[in-house]
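Asker: Need a 3D model of the following:
(2 chains)
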Amino acid sequence: MKYYFLKKTVCLCGILYLALYGVVGTAQARSAKHEAVLEDKIQTSCEQVKQSLAKTVRYLSRYTDKAKSAHEKRWAKLATAKVNCRHKKKAALYLKLAAQVRASHHEKIGVLVPEYLYNQSLRASFVQGVKNACHEASLCTPSEHLVIRYLTDPQPKKLIRHITELLYNKGVSVIIGGFDEGSHRYLNQISKVFAVPVFLMTPRENISKLPPYSFVFSPSEKFLLEGLVSFWSQKNVKRIALLEPKHSDGSIEKYLLEITESQPMTLAKTIHYHPNYQSMLTTSKEILQLLPHQRQDEWQQLLENHKLATEQEDLNTEEQQLTEEELFLEPKFDYDVLLIADNARIVRHFVKLFRYLRLTKPIPLAGTHLWRAQEIIKPWDPLLEGAYFVDFIGEYSQLLKAMDLTEREGYHEDMSKYLVDPSMMANMDFQLLGYRATHMALKVAFLPGASRHHMGKIIRQRMSADSTNRPHEIRWPTHLFQLSKGHLREVATTRSKSHE
Amino acid sequence: MFLTKKKTMIKRVAFASILCLLGVLLIGGGFLLVQAVTWYQMQPWDKQIEEIIQYKKPKSTKFYDSKGQLLTESFRAYHHFMTIDDIPKTLIHAVLAIEDQNFYQHHGIDLQGIIRAAWHNLKSRQLSQGGSTITQQLVRHHVLTRDKKIIRKIKEIILAIKLEKKLTKQQILEMYLNHIFLGQNSYGVASAALRFFSRSVKMLQLHEHALIAGLFQAPSRYNPFKHKSLARKRQIAVLKAMVNQGKISQQTYQKYRKKPLRYQQHISGYTKEPHYMYYIDYASREAGKILGVSDLKDKGYKIYTYLDQDVSRLLHESIMNMTPKFAKIEKLNGLNNEEIQAAASVVSLAKGSIVAMIGGRDYTKSNFNRSYQARRAPGSVFKPVIYSYALTQGYKWSDVFYLAPITLADTYRPRSSQREYISETTLLRAFTSSINVTTIEVGKKLGLHRVIDHAQKLGVRSHIKEEYGSLIGQSEVSQLDMIRLYSTFANQGKRIEPVVISHILDADGEEIYRAPPLEERVEKVLPVEINFLMVKAMSSVLKYGTARASAHLASIAAGKTGTSNDAIDNWFCGFTSDYLSVVWVGPESHRALLSGRGAGATLALPIWQRTMESLSQVAGTTNFSVPEGVKRFTIDARYGHAATNGYEAWFLSHHQPPSRPSFLKLLNSPGKLLRGFGHYQ
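Answerer: The predicted model follows:
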């Protein structure tokens, strides 16, 4: 009973501190020094603290009836502003208790899987990846060391409830989660307050503002583009053209501008298109300089010649009266490379439009991981000869073997070793994500006597040891694939030490 | 003395001269007489008379339907014999009144008539009248020319006298009324009555008899179809002559001279429905080829065809049923009446024979047989050639194609619906929805030359231009080409040489031709399994594709629509297990129809559907038999993988569709996630 009471007290204190710190503190809260600073600031934000407390009390009171009955009055007192904001001693007590919680953990990995974001198959793949990593580690037993919780909806109160449970009931060492913006926010707060290493599974815009022990673990488009730019540097590429769909977030253009800023190359042309015929045709014409305004004189000449031919009506039977829209100049491609940041389907359609516009020889085409599909090479289109794309996964065959997935549905012997059944592609990504995150977490979770704070430090040290990583972001390997004569060929790989 | 001597000398010389002259005249006359006698004796009078008496009208070639019923006769001269007793008396009176009023009095020549003619010729200073009797005309008609020479006239007189001695007046009159040419290819009054009034001579009235009687003198000049007013004047003249000779009263004359003449051209002696003539024309051409003769008229052949009158009537009704729609399109497009033409044929697959052929909307207005004489762009009905060849070359219905416009031969840009671009399709959907760009793409990969060879192998005989446009049916073909092509698909991949003639008898009733049995007229040109895949794909055209309007027939039928550029040609070719029908509809002038006003599915398909529905009810059509080595799947129409919902498609057992959805499908499936970092959904 005592233990229970203590636990609940610690839990409540922790949440109180979280609230206090989240609202008040802008400085790093990882030492006693910071705590003292916070104490000073409590007074100024007392009213805000009270509001946050009121929320927290409500979540916690729902979490456990016992807690509710035992501490209702106390929490109610705090929540209804009966707490004296000048009562520094009480606040200091909470902070002290929170510090104790931060220090204690039970060598467990907490995993938060959102049920509201992905289908069951993807969730299962992710969890499978987590379990596979645990199986692989000698000290880890899934039932004992993995605490997997499913979030049924994106409401913050439920997320907080799960986080509270993981931290105060299960005493997890590391939390793996953060698949959406909402969970990012709360996990980062937790990470700040309790110095819990948190692995975020989806990219984040502003990595530099992350708390010290929050790490983005997902593959990054920016890293992939860096790999691509590095390859272009070797090929002496100077002028890049980019086709990016309008429905995307424009990140490719942004990243390219950032990356090429320090390179002797420029993003010379960017066209955003809608994935429909008219938009893509206009885009294709623009990139091949076929729009009348791009080559005014030549266009006028073409029109005159066409008029003359029409008047003479000396067309043989194979020819027909072409409309003005069907008249094309000879295509011209003035860039060193054309990056199409879209999937294989759209790439195939673009290539067909290029052919329609009388492009007969391949132009240097490049793509992202979205190109990766059997359809990019089958049926083969010679205009794709020599095109290349980057991805964060190399050989699927090796990967599947490493993950003991050779027999899994989705891998066909008749496929290239670089391809997997398309319905399994996202599953593979998720599984790999779960596997790599857990693999990293297990490396620190079992360090004898290490506090969470200490674990976070170790992870940071390991990441900074690899110059290719960015602070808070782990670089996935970048594989460069080339298309040739209907086959995929891996031509280069950059690999982070973090994954070795 | 001297004078006396001189006178005597003169007398003697004169006498001698006279004697000489007389001698010369005598010798000359004798010579001429000998010549005349020799000439007379040398003339084949008896033979010519015999020729006239023994004259037999030429035997027409007769055409019969599949049940042995006489359809029509083919002749150069339209003869319809009638005994003198059957010929109406008023007609006989009319003829005699105008042609030979003294017929029963003279013995072959009418001196009064000759004098009258001579006087007339003298006055006009030209040989415009002959004063010939009926007997003379008969003689002239049979054995002499119409040259206006004395010698011919002498012959005519001699023969007329001889004929009068040989035959009775009634016999001569009967021959005259049956043998003389009266215009419109008709010989004799009975046939003339049918040709001009489309009625038996017995049914005609006095004023009509008078018109026919007037034709004897100059059939072309008084042809009422060509010279209505002259014919009318001549008719009045005949009636007047009858009055003058007391054959009719003045009152009767007055009554009948005002009666209107209602002409009606009769196409044939026996064909009840003119649309049969399209079939007969084609059968006639085929018979000519078989017998090696260019003209079957008056040869006495009996040609037994496969024409099924019920089917032909049904097909014709189906076309006629579209008349209001055709009229509407004609109006909308500013076309003339009946500018929109239609041609259709039906083949019995069990016999491998064409049982109906309608070459146009109205034979009486246009006997141009569009079923075999016209060359028209087949449009998409040509596409089974490409797709069947693709299947033999390893393609399968689940193969996926990207739909985007294409350029061929630098400037050729076949048009397809832009709505389809930037999407994907299976080979099957490209076929059922008749997508041009995919067809051309496949055809190009297969090789234009090879596709054309394949087309010829399947039965297309017309020259196919070696152009990419031919892949989507821009090279003109005949309807017979399409009949042969689709017969192949309908006959388990065995090309049939469809026939129209079952057998032919010569004039003596001897069988001189019999169509080879079906098994000798087929050649296997497509593997039976591939053919079955094609048949089922064509059923899918009805079920899911451009012929969805006939979806209820999809379980028993298969077919393909075809529409050439600007809907100039609109086709439907389709079949059940019993019958194949090919239908074409289009403006005669090759003028483009307004957008959306015409298509194979809206103009030709309804004709096909109506015909086939009726035929299926009659024949109790069964399903196409499934060969071994094929398997049925349901596939996703766009992405080709096996699916629970989609198109039913047949595959070779060793060549099945992918079992899982492709990347393309997943991209377009809500809830199916693909790669994308933070945005997997």
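
Asker: going forward, measure contacts between C-alpha atoms and count neighbours the same way
Answerer: OK.

Asker: What parts of the stretch 101-250 of chain A come near chain B?
Answerer: A:Leu117, A:Tyr118, A:Asn119, A:Phe179, A:Thr202, A:Pro203, A:Ser218, A:Pro219, A:Ser220, A:Glu221 (CA under 8 Å from any CA of the partner chain).

Asker: And for B:His654, the neighbour number?
Answerer: 9 (other CA atoms under 10 Å in any protein chain shown).

Asker: mind listing what it touches?
Answerer: B:Gly629 (CA atoms under 8 Å, 6 or more residues apart in numbering or on different chains).

Asker: swap the cut-off to 10 Å and go again
Answerer: Applying CA atoms under 10 Å, 6 or more residues apart in numbering or on different chains, we find B:His654 in contact with B:Gly629, B:Val630, B:Lys631.

Asker: How about A:His106?
Answerer: So A:His106 contacts A:His145, A:Leu167, A:Lys170, A:Gly171, A:Val172, A:Ser173, A:Ala445, A:Phe446, A:Ser451 (CA under 10 Å, 6+ apart).

Asker: Now name the helix or strand holding it.
Answerer: Under the criterion DSSP states H and E, no helix or strand holds A:His106.

Asker: Could you do the one 5 residues further on as well?
Answerer: For A:Val111, the host element (DSSP H and E) is strand A:109-114.

Asker: and that strand, which residues are buried?
Answerer: A:Ile109, A:Gly110, A:Val111, A:Leu112, A:Val113, A:Pro114 (16 or more other CA atoms under 10 Å in any protein chain shown).

Asker: could I get it in CSV with only the CA atoms?
Answerer: Output of strand A:109-114 as CSV, limited to C-alpha atoms (Å, rounded to 0.1, in the frame of the first residue of the first chain):
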residue,chain,number,x,y,z
ILE,A,109,11.7,-0.1,-23.7
GLY,A,110,8.4,1.7,-24.0
VAL,A,111,6.8,1.6,-27.4
LEU,A,112,3.8,3.8,-28.3
VAL,A,113,2.1,2.6,-31.5
PRO,A,114,-0.7,4.8,-32.9
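
Asker: The helix or strand just after it to strand A:109-114, inter-axis angle?
Answerer: Once the chain leaves strand A:109-114, the next helix or strand it forms, by DSSP H and E, is helix A:120-136. Calculated by axes from the mean of the first three to the mean of the last three CA atoms, to 10 degrees, helix A:120-136 forms an angle of 170 degrees with strand A:109-114.

Asker: Give the other helices and strands that helix A:120-136 contacts.
Answerer: strand A:109-114, helix A:142-145, strand A:146-151, helix A:422-445 (3 or more CA pairs under 10 Å, 6 or more residues apart in numbering or on different chains; DSSP states H and E).

Asker: buried set for that helix?
Answerer: So helix A:120-136, judged by 16+ other CA under 10 Å, has buried residues A:122-134.

Asker: got it, and stretch A:340-349?
Answerer: A:Ile340, A:Ala341, A:Asp342, A:Asn343, A:Ala344, A:Arg345, A:Ile346, A:Val347, A:Arg348, A:His349.

Asker: can you tell me how far the fourth one sits from B:Ser229?
Answerer: Separation of A:Asn343 from B:Ser229 (CA to CA, to the nearest Å) stands at 84 Å.

Asker: How about the fifth one?
Answerer: Between A:Ala344 and B:Ser229 the computed distance is 82 Å (CA to CA).

Asker: can I assume B:Asp453 sits in a strand?
Answerer: No. Counting by DSSP: H, G, I helix; E, B strand; the rest coil, B:Asp453 is not part of a strand but helix.

Asker: so it touches B:Lys465, yeah?
Answerer: No. Look at B:Asp453 against B:Lys465 with CA atoms under 10 Å: they stay out of range, at 11.4 Å.

Asker: So if I had to pick from the two, which one is more boxed in?
Answerer: Ranked by neighbour count (other CA under 10 Å), B:Asp453 and B:Lys465 place B:Lys465 first, with 17 against 13.

Asker: can you redo the helices and strands packed on helix A:120-136 as a markdown table with mean pLDDT and distance to B:Leu315?
Answerer: Listed next are these as a markdown table, based on pLDDT from 0 to 100; distance: least, CA to CA, whole Å:
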| stretch | mean pLDDT | distance to B:Leu315 |
| --- | --- | --- |
| strand A:109-114 | 93 | 67 |
| helix A:142-145 | 88 | 78 |
| strand A:146-151 | 91 | 70 |
| helix A:422-445 | 86 | 53 |
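
Asker: one step back: just the buried residues of strand A:109-114 now: which is nearest chain B?
Answerer: A:Pro114 (13.1 Å; CA to the nearest CA).

Asker: show me where the stretch 201-350 of chain A has strands.
Answerer: A:214-216, A:239-245, A:266-273, A:337-340 (DSSP state E, counting those that start in this stretch).

Asker: Just say which of the ones you listed is most tucked in.
Answerer: strand A:214-216 (a mean of 27; mean count of other CA atoms under 10 Å in any protein chain shown).

Asker: Tell me which residues are up against it.
Answerer: When contacts are defined by CA under 10 Å, 6+ apart, strand A:214-216 is touched by residues A:175-178, A:184, A:187-192, A:195-204, A:207, A:210, A:437, A:456, A:459-460, A:463, A:470-475.

Asker: can you rerun that using 6 Å?
Answerer: Contact partners of strand A:214-216, identified using CA atoms under 6 Å, 6 or more residues apart in numbering or on different chains, comprise A:Pro197, A:Val198, A:Phe199, A:Leu200, A:His472, A:Glu473.

Asker: Which of those residues ranks first by neighbour count?
Answerer: Using other CA under 10 Å as the neighbour test, those are led by A:Pro197, with 32 neighbours.

Asker: Report the separation between that residue and chain B.
Answerer: To chain B, A:Pro197 is 21 Å away according to CA to the nearest CA, to the nearest Å.

Asker: List the residues that contact that residue.
Answerer: A:Val174, A:Tyr213, A:Ser214, A:Gly456 are the contacts of A:Pro197 under CA under 6 Å, 6+ apart.

Asker: Looks like the second one contacts A:Met455 (just checking).
Answerer: No. Counting by CA atoms under 6 Å, A:Tyr213 sits too far from A:Met455 to count as a contact (8.7 Å).

Asker: Of those two, give the one with the bigger neighbour count.
Answerer: Under the criterion of other CA under 10 Å, the comparison of A:Tyr213 against A:Met455 puts A:Tyr213 first, with 27 against 24.

Asker: Let me know the pLDDT of the more buried one.
Answerer: Note on A:Tyr213: pLDDT of 87.
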